[in-house]
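**Student:** Have a look; sequence and predicted model below, questions after that.
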Amino acid sequence: MKKGQVFEAKVERVDFPNRGIVQTGEGAVIVKNSLPGQKIRFCVNKVRKGKAEGRLLEVLEKSPLEAGCPCSHFGVCGGCLYLSLPYEEQLRIKEAQVKQILDGALRGQESPWRFEGIQASPRAYAYRNKMEFSFGDEEKGGPLTLGLHKRGSFYDVVTVEDCRIVEEDYRLILKTVRDYFAKQGVGYYHKLTHQGYLRHLLVRKASGTGEILAALVTTSQAPGGVQGFGGDEPSGEKTACEGNCCEAAGDGSDTGASERAGSEDGGEKRPWPEQELIQGFLESLLALEREGRLSGRFAGILHMVNDSQADVVKSQRTEVLYGRDYFYETLLGLRFKVSAFSFFQTNSYGAEVLYETAREYVRGLGRQRGGVIYDLYSGTGTIAQLMAPAAEKVIGVEIVEEAVEAARRNAQENGLANCEFIAGDVLKVLDGIADKPDLIILDPPRDGIHPKALPKIISYGVEHILYISCKPTSLARDLEVFLDGGYRVEKAVAVDQFPWTGNVEAVCLLSKLNVEHHIEVELNLDEMDLTAAEKKASYEEIKTYVMEHSGLKVSNLYIAQVKRKCGIIERENYNKEKSEKAKQPQCPLEKEAAIRAALEYFEMI
């Protein structure tokens, strides 16, 4: 099999998270974003070590499983994968994926374990409580758009005003904001030229209270036409960049978007005083509430400024335009204060299923009330507070300080005096905690537990560990270490937190094989000795980010060069020249900018 070959074949199955498996006369090929039963045409774009990957060109025949789609954006927007399938079929696919992954990880476990299938989300549609929309255009020369990126595109943005995974309030807010700025002729921020005003719209709505938090994210540049950005150009003249820079860079966009939007949507092509523009934005949203068009109500409307080059929603300066900068959500009888960037499960309905499942697993242990519970990677302390009534003390550890502050406030508001939250890296904090755990609950980020933290967790020798995972492949990798450390899996269950997408959560209960004896766990971690900055993202994660956000392919060498420029100390002899006279290719400026954006996204610089 060679790169560039085109095949037609039927998709046999889909492996986690979106890897369609097809068989050809020359072997198996992975084709992402395909569905089981579809007949597809694809082009082989990668062949390495006997494994091949292909790019989907066309769906020749629909799968017999497909039953139509309620969303007009499906297949164009990159958000949903299974939307054309019945929900029950999607659940069967995800259940099989998690079971296959865990079976592979537990091959070495001699004792039997129980897989309890998959728990469905109480809501299959309109379940998300947070959306991050991007400003852009759908095609070169097109009007202003606000929504999600096209599948496989770094630049093109689709206005998803028909999105089915959010409530109607989101769609109304999205359309209102897009129409307002399009009418005013305001341009969006361009990733390559770093010019433009509009960046993102963040919307969060509490499923339990109906409170809405909306935040407009812009740059600090002048909000008018491109002529306003530089400050020196006459208002009637285009800048050189507006005329040809973007086209030469090949980013598929045009810095004249503000003028296009103005002319095509009836807007005025004149610089806007920012205060007047933002006041109009605020009024357009409040009008929705005054007119009774929203089912919820605004808790706060914010204006955030972000001049970072990284394409990530964040704030360097925040102004509260209306109300407050947080809202309240309720979950399983508890009340939580959530800010714009607080981590909180994006499906509140599914989160209740997830956390109730975790509580049931703990109840099933027959523990007497009391003891110390560790909640590691605790976020805003949701799990810790749900477990607090069954413990003498709960200690949560979380690296994000803002989340820790929120957890402390939430525990106080819920009247829970036995919760302690510590800000810091789990790897570094554990040694300093005096109270030893009787039960450990793990809810790590998608990449799982840091390899150096695993032996520390195992060394406590607790009888049971509850692992909640948002990425089954990371769970499988960590389970193999736990098995080597004297633990076994008793049972596990999948939970569909993200209907129609390729993602799925899992809850896994582990027990100590013999709690009468301490088992020494010795791992050779010399090869994993990372600097503080390096441990935040691997080279593969940086490569993936650069490819997804800029369409550029970068090497380990280029990443190492940019790291050194940024003052990140590399491990000894990593990507160094074999001799002082050896010549190495130097990272091009375009790729260096993309790598720097990735390093900034992962907070390494």
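**Tutor:** Thanks, I have the structure now.
**Student:** how does this structure divide into domains?
**Tutor:** 1-66, 95-122+345-526, 130-331, 530-601 (automatic domain parsing).
**Student:** Can you tell me which of these is nearest to Cys77?
**Tutor:** Taking C-beta to C-beta as the measure, the domains of the chain were each checked against Cys77, and domain 130-331 came out nearest at 5.0 Å. (Glycine included, C-beta is placed from N, CA and C.)
**Student:** right, and Phe16 touches Ala96 too?
**Tutor:** No: with contact taken as C-beta atoms under 8 Å, Phe16 and Ala96 are classed as non-touching, separated by 9.5 Å.
**Student:** Let's see stretch 299-317 as CSV, backbone CA atoms only.
**Tutor:** These are the backbone C-alpha positions of stretch 299-317, laid out as CSV (Å, rounded to 0.1, in the frame of the first residue of the first chain):
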residue,chain,number,x,y,z
ALA,A,299,-26.6,36.4,35.3
GLY,A,300,-23.8,38.4,33.6
ILE,A,301,-22.5,39.8,30.3
LEU,A,302,-18.8,40.3,30.0
HIS,A,303,-16.3,41.9,27.6
MET,A,304,-12.9,40.2,27.6
VAL,A,305,-9.7,41.4,25.8
ASN,A,306,-7.3,38.8,24.5
ASP,A,307,-4.2,39.8,22.5
SER,A,308,-2.6,36.4,22.7
GLN,A,309,-1.7,34.8,19.3
ALA,A,310,-2.9,31.4,20.4
ASP,A,311,-6.3,30.5,19.1
VAL,A,312,-7.7,29.8,22.6
VAL,A,313,-10.5,31.4,24.5
LYS,A,314,-9.0,33.3,27.4
SER,A,315,-9.0,36.7,29.0
GLN,A,316,-6.2,39.1,29.7
ARG,A,317,-8.6,41.8,30.9
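**Student:** Low-confidence ranges, the chain, go.
**Tutor:** Within the chain, the segments meeting pLDDT under 70 span 224-272, 368, 514-536, 569-584.
**Student:** May I have the secondary structure class of the residue nearest the centre of the chain?
**Tutor:** Geometric centre of the chain, nearest residue: Arg446, 8.6 Å, by C-alpha atoms, centre = their mean. On the three-state scheme (DSSP: H, G, I helix; E, B strand; the rest coil), Arg446 is labelled coil.
**Student:** For the stretch 51-200 of the chain, which segments count as helices?
**Tutor:** Ranges of helices in the stretch 51-200 of the chain, per DSSP state H, counting those that start in this stretch, are 87-105, 168-184.
**Student:** I'd like to know how far the closest residue to Leu35 other than its chain neighbours sits from Tyr127.
**Tutor:** Sequence neighbours aside, Ser63 is the residue nearest to Leu35 in space, at 4.9 Å (criterion: C-beta to C-beta, 6 or more residues apart in numbering). In this structure, Ser63 lies at 24 Å from Tyr127, with C-beta to C-beta, to the nearest Å as the measure.
**Student:** of those two, who's got more company?
**Tutor:** For Ser63 and Tyr127, the more surrounded residue by other C-beta atoms under 10 Å is Tyr127, and the numbers stand at 23 against 19.
**Student:** What distance do you get for that one to Ala52?
**Tutor:** Taking C-beta to C-beta as the measure, Tyr127 and Ala52 are separated by 36 Å.
**Student:** what do you get for Tyr326?
**Tutor:** In this structure, Tyr326 lies at 49 Å from Ala52, with C-beta to C-beta as the measure.
**Student:** do the same with Gly432
**Tutor:** Remark: distance between Gly432 and Ala52 (C-beta to C-beta) = 49 Å.
**Student:** what about these two, which has more around it?
**Tutor:** Here Gly432 and Ala52 are compared on neighbour count by other C-beta under 10 Å; more neighbours surround Ala52, at 23 against 8.
**Student:** Gln23 is in contact with the more buried one, correct?
**Tutor:** No: taking contacts as C-beta under 8 Å, Ala52 lies outside contact range of Gln23: 11.1 Å.
**Student:** Which residues are in contact with each of those two?
**Tutor:** In terms of C-beta atoms under 8 Å, 6 or more residues apart in numbering, Ala52 and Gln23 are both contacted by the residues Val29.
**Student:** what's Ile30 in contact with, if anything?
**Tutor:** Residues counted as contacts of Ile30 (C-beta under 8 Å, 6+ apart) are Asp15, Arg19, Gly20, Ile21, Lys51, Ala52, Glu53, Gly54.
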